[in-house]
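Asks: need a 3D model of the following:
(2 chains)
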Amino acid sequence: MKLKKGIALLLALVVLVCTLAACGGKKDTENSDLDTENSNLDTENSDLAYIKDKGTLVIGITDYAPMNYKEKGSTEWTGFDTEYARLVAEKLGVKAEFIVIEWDNKYTELDSKAIDCAWNGMTITEESKLNASVTNPYVKNAQVVVMAKDKLDAYPTAESMKDLQFAVENGSAGAKAAEEAGFTKVTKVADQSATLMEVSSGAADACIIDITMANAMTGEGTSYANYGYKLELTSEEYGIACRKGSDLTEEINKITAELMQDGTMDKLAEKYQLTLIK
Amino acid sequence: MFWSVTVSLLEGFGKTLELFLLTLLFALPLGLVFSFGSMSRFRPLKWLVRALIWVIRGTPLMLQLIVIYYGPGLIGSQVAALGSQNPFLQWLGTWSVMDRFVAALIAFVINYACYFSEIYRGGIESISKGQYEAGQVLGMTKTQVFFRVVLLQVVKRIVPPMSNEIITLVKDTSLARIIAVYEVIWAGQAFIKSDGLLWPLFYTGAFYLVFVGLLSLLFGRIEKKLDYFRG
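Replies: The predicted model follows:
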């Protein structure tokens, strides 16, 4: 009987350890060589110091031409935001590390320090300002209505589209544009690429997506060769999201101002056909 | 194009397989531990394990993935911001996110161990009490009866429900994409955004089909092998 209780206790311990291991992570070793108390306090207060200390700027992105994408056959990231981020990281004296994330989770990724900034053609909204510290706008964007090319002429205005079935990305600027335009038949799906799938499968008549995305994903050589856009619903601005309360935001603003002044940004914008906000 | 898509999907499917195999490797024995726990006569242990099984089976795996990956990092940065001198809180403040794959593996192992444990329990409890009594009459200890008489019969009985659960696991690995573990669905979806191509996403189905087909053959063979062992 005693032995059995011993085994039972052992099992209880195993269960406990498993549960704890699940919560605890395994980073204790990393912090074993903590600096002195004081410098530790400093890094706690300054996100910038934390990033400089670890030597990498971890940037959350999605595969999204022309901001962050890979050329065919290449394994290296390229694009407007990629080059821009590398320039900023260089000035910060750290290495830029790009990681593809589930875009819906960007604020959780930031708060849990899994990434240091979300930098991927992010539209500045009230929501993004609420959940993150957002830099000054750097590029202008628009929301466009994409539909089959042969239907474009029949729907020249937002008013004429009122009865159409729309697809938008849940929580996106496109979803907001649909609301503001007074469209009532709107399906919200997981991401912008899924909105195009809705349209091409016939589940929706049109979708509302970023103009940059529409340029990259519709027309010749894509699965959406027969789709296009004419109407711009709203225009908006792109910014970079840093952790809430981070001092990295101001630093990026400062560096960006320098890059705007010496013409580096103009060259980048020309290369990727984007409109800068100065 | 077809070739490069295949290569890229194979890469993603490698991750899927890795997650699948490692989950099985850890969840199969851990499930047995859980099932002993849930059948224990030591009440606190029994209730602890049953509560764990209730929580794990009662919440979506997708939520568990998010909690296990982001949870430690969120707790760490929140507590560190308090700047407390309490040693325990300071320790909590050092928590940070772990590797994405490791987090996914932990979530899958715990989740599947809970499901497996209930299948094991069903199998073990289905063996008639008479067999234990007969064993005892023959002078065997309870442990001897379990390993020499009961276990093989249990294995035979649980093969069909286990194969069901294992096949579900193959497809559940696709949930890991929520914390950006780049498995095969992720690899397929990447082509939608980068090249505007739809078919790679549907093509991923072929990989699952082939693999599950192989698994089904394997389970059929195992069932046949255990056939001489009529319960």
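Asks: could you use CA atoms for every contact and neighbour count after this?
Replies: Noted.
Asks: how deep is residue B:95 tucked in, by neighbour count?
Replies: As a burial measure, residue B:95 scores 25 neighbours (other Cα atoms under 10 Å in any protein chain shown).
Asks: close enough to count as contact, it and residue B:76?
Replies: Yes. Contact criterion Cα atoms under 8 Å: residue B:95 and residue B:76 qualify, at 4.5 Å.
Asks: now for whichever strand or helix holds residue A:266, which elements pack on it?
Replies: Using DSSP states H and E, residue A:266 sits in helix A:264-272. Applying 3 or more Cα pairs under 8 Å, 6 or more residues apart in numbering or on different chains; DSSP states H and E, we find helix A:264-272 packed against helix A:80-92, strand A:275-276.
Asks: residues touching the longest one, excluding its own?
Replies: Contacts of helix A:80-92 with the rest of the structure, by Cα atoms under 8 Å, 6 or more residues apart in numbering or on different chains, involve A:52, A:57, A:66-68, A:95-96, A:119-121, A:252, A:255-256, A:265, A:268-269, A:272.
Asks: list the buried residues in the longest helix seen in chain B.
Replies: Longest helix in chain B, counting residues (DSSP state H): helix B:2-39. Judged by neighbour count (16 or more other Cα atoms under 10 Å in any protein chain shown), helix B:2-39 contains these buried residues: B:5-6, B:8-13, B:15-20, B:23-24, B:26-28, B:30-39.
Asks: list, out of those residues, those positioned next to chain A.
Replies: B:33-34, B:37 (Cα under 8 Å from any Cα of the partner chain).
Asks: tell me the contacts of whatever residue of the stretch 51-200 of chain A ends up closest to chain B?
Replies: Relative to chain B, the nearest point of the stretch 51-200 of chain A is residue A:112 (4.1 Å; Cα to the nearest Cα). Residue A:112 makes contacts with B:70-77, B:96-97, as judged by Cα under 8 Å, 6+ apart.
Asks: give me every residue in chain B lying close to chain A.
Replies: Chain B has residues B:33-34, B:37, B:40, B:42, B:45, B:48-49, B:68, B:70-77, B:80-81, B:83, B:94-98, B:103, B:106-107, B:177-180, B:190, B:192-198 near chain A, with proximity defined as Cα under 8 Å from any Cα.
Asks: can I get stretch A:270-278 in CSV? Just the C-alpha atoms.
Replies: Provided in CSV are the C-alpha atoms of stretch A:270-278 (Å, rounded to 0.1, in the frame of the first residue of the first chain):
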residue,chain,number,x,y,z
GLU,A,270,10.9,55.0,-57.5
LYS,A,271,12.2,51.4,-57.7
TYR,A,272,9.0,49.9,-56.2
GLN,A,273,6.6,52.5,-57.6
LEU,A,274,5.2,53.8,-54.3
THR,A,275,4.2,57.3,-53.2
LEU,A,276,6.2,58.7,-50.3
ILE,A,277,4.7,60.8,-47.5
LYS,A,278,7.1,63.5,-46.5
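Asks: which residues touch that stretch?
Replies: Residues from elsewhere that reach stretch A:270-278 (Cα under 8 Å, 6+ apart): A:66, A:79-80, A:137-141, A:260, A:265-266, A:269.
Asks: just give me the closest of the residues you listed to residue A:128.
Replies: Residue A:128 lies nearest to residue A:137 out of the contacts of stretch A:270-278, by Cα to Cα, at 12.5 Å.
Asks: excluding its backbone neighbours, what's nearest the closest one?
Replies: In space, and not counting its chain neighbours, residue A:137 is closest to residue A:239: 4.7 Å by Cα to Cα, 6 or more residues apart in numbering or on different chains.
Asks: next one: stretch B:62-80 to chain centre, how far?
Replies: 20 Å (Cα atoms, centre = their mean, to the nearest Å).
Asks: show residues contacting that stretch.
Replies: Among residues not part of stretch B:62-80, those counted as contacts by Cα under 8 Å, 6+ apart are A:22-25, A:44, A:108-109, A:111-114, B:56, B:89-90, B:92-98, B:100, B:103-104, B:106-107, B:175-176, B:178-179.
Asks: quick one: residues contacting the residue sitting nearest the centre point of chain B.
Replies: With distances taken as Cα atoms, centre = their mean, residue B:112 lies nearest the centre of chain B, 3.0 Å away. Residues near residue B:112 by Cα under 8 Å, 6+ apart: B:23, B:27, B:31, B:169.
Asks: closest to chain A among those residues?
Replies: Each of these was checked against chain A using Cα to the nearest Cα; the closest is residue B:31, at 10.8 Å.
Asks: the helix or strand of chain B with the lowest mean pLDDT - contacts with which helices or strands?
Replies: Ranked by mean pLDDT, DSSP states H and E, the weakest helix or strand in chain B is helix B:184-195, scoring a mean of 83. Using 3+ Cα pairs under 8 Å, 6+ apart, the elements in contact with helix B:184-195 are helix B:2-39, helix B:199-225.
Asks: looking at these, which is nearest to residue A:73?
Replies: Nearest of the helices and strands packed on helix B:184-195 to residue A:73, taken as Cα to Cα: helix B:2-39 at 8.4 Å.
Asks: just checking, what packs against that closest one?
Replies: For helix B:2-39, the packing partners by 3+ Cα pairs under 8 Å, 6+ apart are helix A:2-24, helix B:43-58, helix B:100-125, helix B:151-172, helix B:184-195, helix B:199-225.
Asks: re the thing from before, are any of the residues of chain B next to chain A buried, and if so which?
Replies: Among the residues of chain B next to chain A, those classed as buried by 16+ other Cα under 10 Å are B:33-34, B:37, B:40, B:42, B:45, B:48-49, B:68, B:70-77, B:80, B:94-98, B:103, B:106-107, B:177-180, B:190, B:192-198.
Asks: still on that earlier bit, filter the contacts of helix A:80-92 down to just the ones in strands.
Replies: Judged by DSSP state E, strands contain the following of those: A:57, A:95-96, A:119-121.
Asks: tell me which element residue A:233 is part of?
Replies: Residue A:233 belongs to strand A:227-242, assigned by DSSP H and E.
Asks: ok, and what's touching that strand?
Replies: Contacts for strand A:227-242 (Cα under 8 Å, 6+ apart): A:110, A:116-124, A:128, A:132-149, A:152, A:156-158, A:177, A:181, A:214, A:218-219, A:248-249.
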